[in-house]
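Colleague: generate coordinates for the sequence data below:
(chains A, B, C, D, E and F, ligands or ions: 6)
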Amino acid sequence: MPFTDLVAENRVHRKVYVSPVVLDAERERIFGGSWLYVGHDSQIPAAGDYFCTEVAGRPVFMIRHGSGDVHVLHNHCPHRGALVAGGRTGNARMLRCCYHGWTFQVDGRLQAIPCMESYEGSEVRIGDPRFDLKPLRSAVYRGFVFATLNDDAPALAAWLNQAAAVLDNMTERAPDGKLEIAGGCFRAVQRNNWKVYLENLHDGMHPKFVHQSSLRASDRVCRGEEPDAGSDAALRMRIIAANDQDFEQMNALTVDCFGAGHSTMRGFRNPRSDDPVAREYEEALVARRGAAEADRILSLNYHNANIYPNLSVHPSFMQLRVIFPVSVDRTLVEIWTLRLKGAGDAFNRRNILYANTVHSPSSIIKVDDLEAYRRVQAGNAGGTEWVSQHARDRTASGDATGSALSEHYIRHQYRAWGHYMEGHRS
Amino acid sequence: MPFTDLVAENRVHRKVYVSPVVLDAERERIFGGSWLYVGHDSQIPAAGDYFCTEVAGRPVFMIRHGSGDVHVLHNHCPHRGALVAGGRTGNARMLRCCYHGWTFQVDGRLQAIPCMESYEGSEVRIGDPRFDLKPLRSAVYRGFVFATLNDDAPALAAWLNQAAAVLDNMTERAPDGKLEIAGGCFRAVQRNNWKVYLENLHDGMHPKFVHQSSLRASDRVCRGEEPDAGSDAALRMRIIAANDQDFEQMNALTVDCFGAGHSTMRGFRNPRSDDPVAREYEEALVARRGAAEADRILSLNYHNANIYPNLSVHPSFMQLRVIFPVSVDRTLVEIWTLRLKGAGDAFNRRNILYANTVHSPSSIIKVDDLEAYRRVQAGNAGGTEWVSQHARDRTASGDATGSALSEHYIRHQYRAWGHYMEGHRS
Amino acid sequence: MPFTDLVAENRVHRKVYVSPVVLDAERERIFGGSWLYVGHDSQIPAAGDYFCTEVAGRPVFMIRHGSGDVHVLHNHCPHRGALVAGGRTGNARMLRCCYHGWTFQVDGRLQAIPCMESYEGSEVRIGDPRFDLKPLRSAVYRGFVFATLNDDAPALAAWLNQAAAVLDNMTERAPDGKLEIAGGCFRAVQRNNWKVYLENLHDGMHPKFVHQSSLRASDRVCRGEEPDAGSDAALRMRIIAANDQDFEQMNALTVDCFGAGHSTMRGFRNPRSDDPVAREYEEALVARRGAAEADRILSLNYHNANIYPNLSVHPSFMQLRVIFPVSVDRTLVEIWTLRLKGAGDAFNRRNILYANTVHSPSSIIKVDDLEAYRRVQAGNAGGTEWVSQHARDRTASGDATGSALSEHYIRHQYRAWGHYMEGHRS
Amino acid sequence: MMLVRDPSLQADLTPSLRERLALLLHDESEQLDTGRFDAWLALFTPDCVYWMPLSPEQPDALDHVSLFYEDRLAMRLRIERLRHPRAHSLKDLIRTSRCGATPVAEKIDESTGDLVITRRFQMVEYHRDRTRLFAGIYTYQIADFRDDPRIRLKRVDLVDSAAPFEAIETFI
Amino acid sequence: MMLVRDPSLQADLTPSLRERLALLLHDESEQLDTGRFDAWLALFTPDCVYWMPLSPEQPDALDHVSLFYEDRLAMRLRIERLRHPRAHSLKDLIRTSRCGATPVAEKIDESTGDLVITRRFQMVEYHRDRTRLFAGIYTYQIADFRDDPRIRLKRVDLVDSAAPFEAIETFI
Amino acid sequence: MMLVRDPSLQADLTPSLRERLALLLHDESEQLDTGRFDAWLALFTPDCVYWMPLSPEQPDALDHVSLFYEDRLAMRLRIERLRHPRAHSLKDLIRTSRCGATPVAEKIDESTGDLVITRRFQMVEYHRDRTRLFAGIYTYQIADFRDDPRIRLKRVDLVDSAAPFEAIETFI
Ligand code: FES
Ligand code: FES
Ligand code: FES
Ligand SMILES: [Fe+3]
Ligand SMILES: [Fe+3]
Ligand SMILES: [Fe+3]
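Modeller: Numbering: from 1, shown residues only, chains lettered A, B, ... in the order given. Ligands and ions are numbered 1, 2, ... in the order given. I've put the predicted structure just below:
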């Protein structure tokens, strides 16, 4: 059965979630065909700083060259194949393979081989790219580093499409115009297929049902004992309560679809708050960018954006979620928090508190999402063949724009899925 | 190689025990083609009570309708596929999916979808069976609930064949004519293929060899210190000693084969015991059923019966063993005890003691069976190609009837195996 | 893609290390086609002693017959397939299957079946080899027991080729001309493909790089505090320091390739040491073999030898390493130490100390080798397609002889690999 | 070495008695870990019970199955089997190691006058190249605890008593 | 029952106070294992904090994310959720069992006058037929430790705090 | 805090000496868990041995291989390696956490006059996103235990010492 037969207009075959054959093809065609988020260049500020991760299941690292450029290289020694960059992060003026000491420059070029003379008569030589650490095609947008295994992929900015505006806005929100990764990275293991997670991310129907336990817990705890406005406790309560919005409010959020599976969710401009921490931040922004520009920046209220298939950004609280399929029923999600340079500590600490509350493995919110995903995965392991009636909101214009009650963004994801899985490389 | 080439008249290829391809086909063709035992209706006495389990690897649940009927449903939300019934057991007036709140009646019919209006223009509607929780074909015999994924399977009673008489007899042994699951469920993990277990169940050759350690332990402990007749200790000793019967006694047991892999093992009528607990029970039975009927009921002495492929019942001590293949070399067996309604506590407690002694993971009897199974599995992982010389007792008439020393019931199991594996659906 | 397309003159495709399809074929064609080391006959000195292990993933055991002969048998009961020999070692006058009590003679021949009469009319009979424990083709060279699943394999001695001389020399180093396994067996789990290990074993390029941490640790510890000559501490230090030899010294080692993937590494004769323990040993050898013969024996200085694919011997410290592929990225290596009969305890204890220092899972030397192997395996899970530029030392004459800086022995291993993988059985 | 919850027990449980009782519990575990089964059994009263419920909530072992429910005779049976040369599964040795927290003297059992002591534990079992971890709480009833303390009841509540299990051959 | 590292604390920490503090820590664990959350919360001060850092080196919970960083209100939230009938994941019961080593009274915290006690622990969690092992060290700050000891801070450093985790629903 | 098996030792092992010895054993574990290797080594005598047999039955480490058999020099080697920046495997940090039961003072070793103390333990090791559980018994020989207690021998018997192992880089 060709993979595209697994997807119909409004539904998918349960196999897309449970078949290892499908996952292998997804790794090769989707993750191997698209751009993938690798990291943020603030993680490697100094020359020689590197960060190891995976691209489509292959070990790679990004490293800062003395010129300031970021290189993304396969972590795979051309000699016998060892990982050359060790650990998760490090700094190296040049890279030395631990096994036989071949050395490479920071851009991957082979520098020296011990006892080089014994290679005489062979084809091994310095300068032949076959003996370099192979670079991936990579590009940096506003500090966000992407790479692809696909030489025919469009240019990054074109591929990002309207998602570029989200990354723009995130960056511009920093009074100094710069973001930096700070405060640590949560690594959460989900017991579900990677697509189950992406299909949840603009889902305004689920919170009232899935998050009942934390909503009712918060009702009980608050009864007659509201936390002080502006306190951490109040923020935590507000975060929980966001899941209690009624369907009308959810319907007022705009979800736009574009590009190869991407989408954004945005709301009306946040009302001007009288909270001193926010005010101080806004003043800093005005001071640096001018009132009109600050106003334009703050008027954009992106709740989140999916950059298909491996990144979801959450501009309002400066969160990144990076998605790694582990197996058909396990997905690793890394959650990073960005610091707005030029904003006060108090303002940035709210994003830390947000991460703790929403993205920690111990979050009383997330735990119920994870249970919903687990149940989807477990249900799809058996049961009947066709599921996922992604039919809600057929009237969304050309599927391009709808609300958080609409499932058009899922249909959009599966159009991209089908495109990649048919073997299209651009 | 077609699957049926793996089975010859008196032997099988070791691959039937170790090949994942064979197991996948068994799941689809044997477990997906036969009736399977799901549970006993006493587990869900009240309207809305449900019990979650698996049928051929697919998550299902049985639930009691207000009408008293039992429904067996796929646990698979037609929306995005989540398990709808949570936990192992529960009670629900109606079923609400935890993810987006779709609700279903107890018979599986879609009842309501939140924000239904946004489905306008789509095919999703209440009343269309595609959006119900799908029912499995199911039937109840004497309280024993069975289901099948095969619409062409024969009617349950016909399929049960002579095994129906065993379920009849078990039920009739209750003075009130009713059984109920009681006292908890052991869940035992065996390190063997599911067939290795079924091939042991009328095997009268193995006890003297396999169970030497518990037999000799019991000799040593009893030496000069017989437990009081009628005591729990005496019953425990008698259970252990049953494995010490000589081959003549084993040969006196009748093993009958019938239907699609089924078989029973029975003995002569148990002698009238002068044990007061048994007497009290027999009197209760006579009081309710009359002497002649009670005599007919008690004259049937079924030791056990295999209802191929997922149930083995043990009427003398009211045990059920339900078989779930986990992988080629792991099998989960759930062991349940039935209470005879109308019999005294003392009588029913013997079955609890029996379960503890024989079916607990800690049983000093079972542990040696498990080791024998493990060795069969481990041996068949390698070694030579053809094994299982199921040749014993070639003279059993048409393989239909033999003794506990005969291997004809294994040959009979493999005939059913071949029938299903060839793709026959009825 | 045919397997042989995965190997080119100087490089291999990374799939040879990570593809389960390749491993399955290797098990069948390489391990199933070659001779494999099973054990040393000193492990089973008395009649009935047996030792259980695996040959090409199949459970087997070697057992000592009353005649003194060693038999290697499939551990697989012809009845239903159980392992017959239990545990790792044991002694049995005859073998009784734990399941139904079939008994076998020590050479595997079926001896008796309980209740044999019920087999009447079947083909089961004593004397028919189909109902014996099947023997493997086996042969013993100098006490080293080998077996093969391949009836077309050449005679053992021919297959061993020049490796026979290494086994000869090891044995002759015992003043009594006899070796025995003694002192226990380390079982080390490596996180790498089995070939990664074999490719390291004459690799004189890696020690200076891989073992930096133990070399520098030993520098620091010794600074100003040399251990007493002849002490255990001094030996330990010398073992560590062997990894600090310069490339010239490594280049002076001779690596010879021959047969189906085999190879040896040898050095110049060890200088006569003035260490009393060694002197005592040499005197014992001279006393037993005469001065000329002792001199010839001691002049051969084999560091190690690979007997492809499952054995590596280490004559200088009397170590055996037996290789079991577990999965594409896990390899079990069993390390045994041989006692030289007729040598003093002090001399033999050095080999124990050597095993502790080099082969224990806690060895501070080995741990860095294991990390290098792990990195090779992890790198080859992704990255680029072709690696392992086994091009070093192209000028080694016909690849047959080179130094420890040369990669010709790896090229030689892959020639054998290709030969077996093409399906050649001899 | 032993905590005392009930203040009214403080007087009774002198330091030396506490130590004696703590050693009793220590030995109970240690003798299992070292395979000295006769010495182990000698720590129990003649009417002793070794009970591992299937569920921590089950009221008794009569109407509900148990993972273990053994009187002295059944305990002796298990010990004899563990020693039998043809206990086939034991051709591969089983080893165990128990690590217990400080015991707590909880109360006097009213019906028997026994002292009730609890102790959290974890046990690692090694068999055939694999280990399993058992964890939970031991509850002991100690008969004649002032003068000649012996174990009348050892109850074991495993944290995962409801899980599927492979064979459990040894006491826990 | 409790070791005292700082000799200057020996006088303060009489045997009976040691026992009281050891019981406090014992109860803190035990009440989690037995699901008595109100009794558990009563062991803490009103300004208490339950903190599980992501990294043992992180200086605080403000500029760095934490696996848990909860004040009393957040602790109460978690407890209420654990009790809620529609906490979907809890349709399948979670059970835990903690085994702790002897606590060590380390020192007096200078800023608060609290007593600092550490305790190595391991906890097995059972959920949906699987167990997980958590291990590490508890660090407690005990307010008013001489007269009315209560926990002002429970800090949990997991040995594998940097590992990827599935959901952690209970306190550890 | 420490149980005393041999009654003849009761007099010698005063409460304060018991505490001192218990702290010594506690520190021995804790300093490994916190990577303070110099302080750890200072707890041992100059002629110390760290021994982990392959089999609990093996009589010695001379004629039989051992998982560890290290004198002070070898211990220092391991420590130096653990600290070396090019110990390649340690680019990914290893962390450990040990949880020990109450130690038991068993007896006086006749040949040396050392005090023999045993302690059951479990240790969780974290490395590269995975944990391993080690369990077994520590046996210590304490030299000069009355006045200046130091460890002459630390013997570790793992419950699964016969199992196949991946690399063991740290002391256990
Ligand atoms: S594998 Fe990198 S230098 Fe050899
Ligand atoms: S998955 Fe069931 S309602 Fe959406
Ligand atoms: S399996 Fe060996 S005798 Fe039956
Ligand atoms: Fe949510
Ligand atoms: Fe049996
Ligand atoms: Fe090396």
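Colleague: and the residue of chain A most remote from its centre, helix, strand or coil?
Modeller: Each residue of chain A has a distance to the centre, and by CA atoms, centre = their mean the biggest one is for A:Gly121: 47.9 Å. Here A:Gly121 is coil, with the state taken from DSSP: H, G, I helix; E, B strand; the rest coil.
Colleague: any idea how far it is from A:Arg80?
Modeller: Distance, A:Gly121 to A:Arg80, by CB to CB, to the nearest Å: 19 Å. Placement of C-beta: from N, CA and C, glycine included.
Colleague: repeat that for A:Glu26.
Modeller: 30 Å.
Colleague: swap in A:His262?
Modeller: Taking CB to CB, one finds A:His262 at 40 Å from A:Arg80.
Colleague: compare those two (neighbour count), which wins?
Modeller: A:Arg80 (30 against 25; other CB atoms under 10 Å in any protein chain shown).
Colleague: if I pick that one, what's in contact with it?
Modeller: Going by CB atoms under 8 Å, 6 or more residues apart in numbering or on different chains, A:Arg80 touches A:Tyr99, A:His100, C:Glu199, C:Val376, C:Val387, C:Ser388, C:Gln389.
Colleague: quick one: which of the residues you listed has the most company?
Modeller: C:Val376 (31 neighbours).
Colleague: any idea of the mean pLDDT in the one helix or strand that residue maps to?
Modeller: Per DSSP states H and E: C:Val376 is located in helix C:366-380. Helix C:366-380 comes out with an average pLDDT of 97.
Colleague: packing partners for that helix?
Modeller: helix C:15-18, strand C:179-190, helix C:194-198, helix C:207-210, helix C:212-222 (3 or more CB pairs under 8 Å, 6 or more residues apart in numbering or on different chains; DSSP states H and E).
Colleague: residues near the residue nearest to A:Gln105 when sequence neighbours are not counted, how many?
Modeller: Closest residue to A:Gln105 apart from its sequence neighbours, by CB to CB, 6 or more residues apart in numbering or on different chains: A:Gln111 at 5.3 Å. Other residues near A:Gln111 come to 14 when the count uses other CB under 10 Å.
Colleague: try D:Ile151
Modeller: 22.
Colleague: now the closest residue to it other than its chain neighbours: how far from D:Leu153?
Modeller: Closest residue to D:Ile151 apart from its sequence neighbours, by CB to CB, 6+ apart: D:Phe44 at 4.7 Å. To D:Leu153, D:Phe44 is 9 Å away according to CB to CB.
Colleague: same check, this time on A:Glu117
Modeller: 79 Å.
Colleague: ok, the two, which is more surrounded?
Modeller: D:Leu153 (20 against 8).
Colleague: hey, where'd the strands end up in the stretch 151-300 of chain A?
Modeller: A:179-190, A:254-258, A:262-266 (DSSP state E, counting those that start in this stretch).
Colleague: next: chain D.
Modeller: D:3-4, D:44-53, D:66-71, D:94-100, D:104-108, D:115-127, D:130-143, D:150-158 (DSSP state E).
Colleague: quick check: whichever residue of chain D sits closest to ligand 3 vs chain C, distance?
Modeller: Closest contact between chain D and ligand 3, by CB to the nearest ligand atom, is at D:His88 (11.6 Å). Distance, D:His88 to chain C, by CB to the nearest CB, to the nearest Å: 4 Å.
Colleague: that residue: neighbour count?
Modeller: Neighbours of D:His88 (other CB under 10 Å): 27.
Colleague: what sits against the residue nearest the centre of chain A?
Modeller: Per CA atoms, centre = their mean, the C-alpha nearest to the average position across chain A is that of A:Leu311, at 2.2 Å. Residues near A:Leu311 by CB under 8 Å, 6+ apart: A:Leu36, A:Tyr37, A:Leu320, A:Arg321, A:Val322, A:Ile323.
Colleague: need phi/psi at the second one.
Modeller: Note on A:Tyr37: its backbone torsions stand at phi -70, psi 130 [degrees, to the nearest 10].
Colleague: scan chain D for its longest helix.
Modeller: Criterion DSSP state H: the longest helix present in chain D is helix D:15-33.
Colleague: can you point out the buried residues in it?
Modeller: Going by neighbour count (16 or more other CB atoms under 10 Å in any protein chain shown), the buried part of helix D:15-33 is D:17-33.
Colleague: the residues you listed also near chain F: which ones?
Modeller: D:Glu19, D:Ala22, D:Leu23, D:His26, D:Ser29, D:Asp33 (CB under 8 Å from any CB of the partner chain).
Colleague: ok, A:Val72 - contacts?
Modeller: By CB under 8 Å, 6+ apart, the neighbours of A:Val72 are A:Val38, A:Val55, A:Val60, A:Phe61, A:Met62, A:Pro135, A:Leu136, A:Ser138, A:Val145, A:Ala147.
Colleague: 6 Å instead?
Modeller: A:Val38, A:Val60, A:Met62, A:Leu136, A:Ser138, A:Ala147 (CB atoms under 6 Å, 6 or more residues apart in numbering or on different chains).
Colleague: what of D:Ala39?
Modeller: Contacts of D:Ala39 (CB under 6 Å, 6+ apart): D:Gln31.
Colleague: could you measure from A:His206 over to A:Tyr373?
Modeller: In terms of CB to CB, A:His206 sits 10 Å off from A:Tyr373.
Colleague: and those two? Which one has more around it.
Modeller: Regarding A:His206 and A:Tyr373, a neighbour count based on other CB under 10 Å identifies A:Tyr373 as having more, with 24 against 20.
Colleague: and the residue of chain D closest to ligand 3, how close does it get to B:Arg375?
Modeller: 8 Å.
Colleague: among the contacts of A:Val72, which one sits closest to C:Ala153?
Modeller: Within those, proximity to C:Ala153 (CB to CB) peaks at A:Val60, which comes in at 44.2 Å.
Colleague: up against chain C, what does chain A have?
Modeller: A:57-59, A:74, A:76, A:79-83, A:98-101, A:115, A:118-119, A:121-122, A:124, A:134 (CB under 6 Å from any CB of the partner chain).
Colleague: separate out the buried members of these.
Modeller: A:57-59, A:74, A:76, A:79-83, A:98-101, A:115, A:118-119, A:122, A:124, A:134.
Colleague: just these that are near ligand 1?
Modeller: A:His79, A:Arg80, A:Ala82, A:Tyr99, A:His100 (CB under 6 Å from any ligand atom).
Colleague: surely the first one and A:Trp102 touch.
Modeller: Yes. Counting by CB atoms under 6 Å, A:His79 sits close enough to A:Trp102 to count as a contact (5.3 Å).
Colleague: what touches both of those two?
Modeller: With CB under 6 Å, 6+ apart as the test, A:His79 and A:Trp102 reach no residue in common.
Colleague: need the three-state assignment for A:Ala46.
Modeller: coil.
Colleague: residue contacts, the residue nearest to A:Gln105?
Modeller: A:Met94, A:Thr103, A:Phe104, A:Gln105.
Colleague: quick one: contacts for the closest residue to ligand 3 within the stretch 151-300 of chain A?
Modeller: Nearest residue of the stretch 151-300 of chain A to ligand 3 (CB to the nearest ligand atom) works out as A:Arg191 at 39.8 Å. By CB under 6 Å, 6+ apart, the contact set of A:Arg191 is A:Arg374.
Colleague: next: A:Leu179.
Modeller: A:Thr171, A:Leu338.
Colleague: deepest of the helices and strands packed on helix C:366-380, which one?
Modeller: Comparing those by mean neighbour count (mean count of other CB atoms under 10 Å in any protein chain shown), helix C:194-198 ranks first with a mean of 24.
Colleague: quick check: residues of chain A near chain B?
Modeller: A:205-206, A:209, A:247, A:372, A:375-376, A:378-380, A:382-384, A:387-389, A:391-395, A:405.
Colleague: with chain D instead?
Modeller: So chain D meets chain B at D:54, D:62-69, D:73, D:76-78, D:80-81, D:84, D:86-89, D:164-169 (CB under 6 Å from any CB).
Colleague: now tabulate the helices and strands packed on helix C:366-380 in TSV and tack on mean pLDDT.
Modeller: Formatted as TSV, the helices and strands packed on helix C:366-380 follow (pLDDT from 0 to 100):
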stretch	mean pLDDT
helix C:15-18	96
strand C:179-190	97
helix C:194-198	98
helix C:207-210	96
helix C:212-222	92
